[in-house]
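[1] For reference, the sequence and a predicted model appear below.
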There are 6 protein chains.
Amino acid sequence: MATAKLWTDAEVEASPRVKAVFDDIRATRNSNFVNNFWRALAGQPEVLERTWASLKAVMIAPGELDPLTKELVYIAVSTINSCPYCVHSHTAAARAKGLTDGQHGEFLAVLAMASQTNALVTALQVPVDPEFQVG
Amino acid sequence: MATAKLWTDAEVEASPRVKAVFDDIRATRNSNFVNNFWRALAGQPEVLERTWASLKAVMIAPGELDPLTKELVYIAVSTINSCPYCVHSHTAAARAKGLTDGQHGEFLAVLAMASQTNALVTALQVPVDPEFQVG
Amino acid sequence: MATAKLWTDAEVEASPRVKAVFDDIRATRNSNFVNNFWRALAGQPEVLERTWASLKAVMIAPGELDPLTKELVYIAVSTINSCPYCVHSHTAAARAKGLTDGQHGEFLAVLAMASQTNALVTALQVPVDPEFQVG
Amino acid sequence: MATAKLWTDAEVEASPRVKAVFDDIRATRNSNFVNNFWRALAGQPEVLERTWASLKAVMIAPGELDPLTKELVYIAVSTINSCPYCVHSHTAAARAKGLTDGQHGEFLAVLAMASQTNALVTALQVPVDPEFQVG
Amino acid sequence: MATAKLWTDAEVEASPRVKAVFDDIRATRNSNFVNNFWRALAGQPEVLERTWASLKAVMIAPGELDPLTKELVYIAVSTINSCPYCVHSHTAAARAKGLTDGQHGEFLAVLAMASQTNALVTALQVPVDPEFQVG
Amino acid sequence: MATAKLWTDAEVEASPRVKAVFDDIRATRNSNFVNNFWRALAGQPEVLERTWASLKAVMIAPGELDPLTKELVYIAVSTINSCPYCVHSHTAAARAKGLTDGQHGEFLAVLAMASQTNALVTALQVPVDPEFQVG
């Protein structure tokens, strides 16, 4: 179904460079499950390494935004970019981080609200108010 | 610059239906400033009323997501939908609701992260893991 | 401001191939005004010729959809593709073809409606009902 | 397959708030069939109610644009937003409202035309002609 | 699964206008295989003819960009437009034209890079440097 | 105009962390000019460092795709993502790397071609041919 091969665990084992990333994914997430995204990227070790390093720094290392907020932003981007896989995987991640049905409903409402005002603004070509400009 | 006229306060005053919405925007936000989006929509009273009613219910009424999280989701949608006006107005709104530079930086990092993995997933056409499916 | 030079009438005169297209645009539209899109394309005669030939066949030749409906579809595509120039030029074209303020308002309402349900459907990853499938 | 549960008729029956919306959908459309979109939204009664109320006002109440034109705009938005479900459901709706094969072909031609000129305009960054500006 | 019927070879044989295009596709590509895109378009002979004529001129006729570069640009557009079919068919075409795994990896890296800086630029609303302007 | 401050050279000088990145940009590109993108990112040192490190590895380090091909892919992504700044800056970069007017014309033609078939495929919901699937 993909445009590149999904690597099996046996194939990962045979490539030290890929194995190192998969080992770190498993250790960092404290889970043996490695999802298809990483298996599809395994054929490109450099992209795999860089992507995982960034994801770990951005989404997993503690920061000033709480992990659930980050996941909601991630799902919003993935929805507007029309990426079914990404919507599925990050909605699952948000649920694992405590997203309630009530919060999901409000998130959906914001998503719908922003989408409709975005369309209205673009169709009307509203000029930016000077009050919103920085510097 | 717009594809529809931006209504001045004098024009708003002359239309009771539009004036009612503008009065509610000012009262709800506790500010005299009404931004160009509403002025561009004023020529379409029905769309104006429905849009403001939804925005008030979704973004202003208290709920289970905090106001800043909602604004971040709104900016994320607006960014991926490439709406300059919307990015400007909701970044200003987020700042008004307390967004710090550090939080903005993390938000930008999540936005960049999601955008790049979205592109990789779509180019690789990664099949959804059964683990992510609901029901 | 553009990424390619906008051709002046004098420059168009000096290139028989470009002049032929500009002459046909003026004759077909019965107007001396040629908008910037064609001036920016003039440096690429092959793309210019093919684009004008298609536009003439699709948008100007009489068919089964009325001209105003075609313009509304064009603006809808241009809005969602976030193309300010295209939104401006085709909203002007729709007005020239008789678009009323009332029709514009309903068009905006449909645009906003579709945008919000698109976002909800994608975030919920709703499976297609068998009833909607063809063949 | 969805990221939220699709409600069955039995589950709808058990929730008065959801049942009221489903009853109105069935009465308004004069059909017992309720498609998956509403079943996926049923877990979020507030979003369900607001979305249905807007859809009814925008797409079903009589107005100045004919119902088929509205559906074509809806499909155009859904296509550019890359929403397979929405394209399927609204193409089915357009057919039910009388869309002929000839009209569908012209619609497809406009969609293709707008998409290609949108890309050319954005790649060339064509500046908006003063003739297209309002006010 | 489609919103229009996919024409079988027998149906194509029965329509001289469609058959002429299919014959040319087969002759030009030197292959008997005609993919679903053309079968879905067959119900709209005018769109079919115009699309094939353009594709042949743009993608198959020799020019100043090599065929593999053109396919990479095609996949990039299709990825950002979220078109699974298009990503699949043009990745297969690129492989047929010699795309190596190493080149695919670098292409994916550029795709991810551009996607993330696009998001950052739009969220920051960076003004265009005068140095980048033409004319 | 931006949503964040554009750092001046004096402000960059005062921040060792930002200065290190700007120094590397100047040394790597062998030019004193640093464009607004980096000045807008300067307020977020971590995102600045990570973005520059990735860009240097992906776009500047020698690889299996030639630099001009990479720029064309970058412009394609930026065009479809509707990012005016990105289109401007990478078209300038492509010209600096030798892009001719003839090549630009063919690139534009591919961009237009892909955009129109993407729209047709999505509107028709064409199912992927088994011949295009990998693994």
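    Cool, got the structure. Numbering: from 1, shown residues only, chains lettered A, B, ... in the order given.
[2] Low-confidence bits of chain A, can you list those?
    A:135 (pLDDT under 70).
[3] which bits of it sit near chain C?
    A:75, A:79-80, A:82, A:84, A:87-88, A:91, A:107-108, A:111-120, A:122-125 (C-beta under 8 Å from any C-beta of the partner chain). (Each C-beta comes from the backbone N, C-alpha and C, glycine too.)
[4] at 6 Å what do you get?
    Taking C-beta under 6 Å from any C-beta of the partner chain as the criterion, chain A approaches chain C at residues A:79, A:82, A:84, A:87, A:108, A:111-112, A:115-116, A:119-120, A:122-123, A:125.
[5] Contact residues of chain A facing chain D?
    Within chain A, the positions lying close to chain D (C-beta under 6 Å from any C-beta) are A:82, A:91, A:105, A:108-109.
[6] Mind putting those into JSON lines with neighbour count?
    Formatted as JSON lines, the residues of chain A next to chain D follow (neighbours: other C-beta atoms under 10 Å in any protein chain shown):
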{"residue": "A:Ser82", "neighbour count": "24"}
{"residue": "A:Thr91", "neighbour count": "27"}
{"residue": "A:Gly105", "neighbour count": "20"}
{"residue": "A:Leu108", "neighbour count": "25"}
{"residue": "A:Ala109", "neighbour count": "25"}
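[7] Looking at those, which two lie furthest apart in space?
    Largest separation among the residues of chain A next to chain D by C-beta to C-beta: A:Ser82 and A:Gly105, giving 21.4 Å.
[8] Run through who's touching stretch A:127-135.
    Applying C-beta atoms under 6 Å, 6 or more residues apart in numbering or on different chains, the contact partners of stretch A:127-135 are B:1, B:35-36, B:85, B:88-89, B:92, F:1-3, F:5.
[9] 10 Å instead, please
    A:121, B:1-2, B:6, B:33-37, B:39-40, B:84-93, B:95, E:124-125, F:1-6, F:40 (C-beta atoms under 10 Å, 6 or more residues apart in numbering or on different chains).
[10] Select only the buried ones of those residues in PyMOL?
    To isolate the buried members of these in PyMOL, using 16 or more other C-beta atoms under 10 Å in any protein chain shown:
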select buried, (chain A and resi 121) or (chain B and resi 2+6+34+35+36+37+39+40+84+85+86+87+88+89+90+91+92+93+95) or (chain E and resi 124+125) or (chain F and resi 2+3+4+6+40)
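[11] still on that earlier bit, just checking, which of the residues of chain A next to chain C belong to helices?
    Residues of those located in helices (DSSP state H): A:79, A:84, A:87, A:108, A:111-112, A:115-116, A:119-120, A:122-123.
[12] so what are the domain limits for chain A?
    Under the assignment automatic domain parsing, the domains of chain A span A:1-61, A:64-124.
[13] near chain E, which residues of chain A?
    Within chain A, the positions adjacent to chain E are A:1-5, A:41, A:43-48, A:50-51, A:54, A:77, A:80-84, A:128, A:132-134 by C-beta under 10 Å from any C-beta of the partner chain.
[14] Of the residues you listed, which qualify as buried by neighbour count?
    Among those, those scoring as buried are A:2-4, A:41, A:43-48, A:50-51, A:54, A:77, A:80-84, A:128, A:132, A:134 (criterion: 16+ other C-beta under 10 Å).
[15] Mind checking which of those residues land in strands?
    Here DSSP state E is the test, and those give no hits in strands at all.
[16] any idea which of the ones in helices among the residues of chain A next to chain C has the most stuff around it?
    With neighbours defined as other C-beta atoms under 10 Å in any protein chain shown, the most crowded of these is A:Thr79; it has 33 neighbours.
[17] Return the residues in contact with that residue.
    Contact analysis of A:Thr79 by C-beta under 10 Å, 6+ apart lists A:86-87, A:90-91, A:107-108, A:111, A:115, B:73, B:76-77, B:80, B:118, C:118-125, D:3, D:81.
[18] can you give me the helices for chain A?
    A:9-13, A:16-29, A:36-41, A:45-55, A:67-80, A:84-96, A:101-124.
[19] now for those helices, which one comes closest to F:Val12?
    Here helix A:45-55 is closest among these (C-beta to C-beta), at 24.0 Å.
[20] what angle separates the closest one from helix A:16-29?
    Angle, helix A:45-55 to helix A:16-29, by axes from the mean of the first three to the mean of the last three C-alpha atoms, to 10 degrees: 20 degrees.
[21] neighbours around the closest residue to A:Lys19 other than its chain neighbours, how many?
    Distance criterion C-beta to C-beta, 6 or more residues apart in numbering or on different chains; nearest residue to A:Lys19, sequence neighbours excluded, is A:Val12 at 5.5 Å. Neighbours of A:Val12 under the rule other C-beta under 10 Å: 19.
[22] how close does A:Val12 get to A:Lys5?
    In this view, A:Val12 and A:Lys5 are 12 Å apart by C-beta to C-beta, to the nearest Å.
[23] Overlap in contacts, the two.
    Common contacts of A:Val12 and A:Lys5 (C-beta under 10 Å, 6+ apart): A:39, A:42.
[24] Verify the contact between A:Val21 and A:Leu41 for me.
    Yes - between A:Val21 and A:Leu41 there is a contact under C-beta atoms under 10 Å: 8.9 Å.
[25] re the thing from before, make CSV out of the helices of chain A and add distance to F:Pro16.
    Formatted as CSV, these follow (distance: least, C-beta to C-beta, whole Å):
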stretch, distance to F:Pro16
helix A:9-13, 41
helix A:16-29, 30
helix A:36-41, 35
helix A:45-55, 23
helix A:67-80, 29
helix A:84-96, 36
helix A:101-124, 39
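[26] give the contact list for the nearest residue to A:Arg17 once chain neighbours are set aside.
    Leaving out its chain neighbours, the residue that sits closest to A:Arg17 by C-beta to C-beta, 6+ apart is A:Pro45, at 4.6 Å. Going by C-beta under 10 Å, 6+ apart, A:Pro45 touches A:15-18, A:20-21, E:105.
[27] Mind giving me the PyMOL select for those, buried ones only?
    Isolation of the buried members of those (16+ other C-beta under 10 Å) is achieved in PyMOL through the command below:
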select buried, (chain A and resi 18+21) or (chain E and resi 105)
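[28] and which of the contacts of A:Pro45 is nearest to chain B?
    Nearest to chain B among the contacts of A:Pro45, counting by C-beta to the nearest C-beta, is E:Gly105 at 10.8 Å.
[29] which one is the closest one nearest to, not counting chain neighbours?
    What sits nearest to E:Gly105 in space, not counting adjacent residues and going by C-beta to C-beta, 6+ apart, is A:Gln44, at 3.7 Å.
[30] I'd guessed A:Tyr74 sits against B:Gln116; true?
    No - judged on C-beta under 10 Å, A:Tyr74 makes no contact with B:Gln116 at a distance of 11.5 Å.
[31] hey, what's in contact with both of the two?
    Residues touching both A:Tyr74 and B:Gln116 (C-beta under 10 Å, 6+ apart): none.
[32] circling back to that earlier point, and the residue nearest to A:Lys19, what does it touch?
    Going by C-beta under 10 Å, 6+ apart, A:Val12 touches A:18-23, A:34, A:38-39, A:42.
[33] ok, now A:Glu46?
    Taking C-beta under 10 Å, 6+ apart as the contact definition, A:Glu46 lies against A:17, E:102, E:105-106, E:108-109, F:57-58, F:63.
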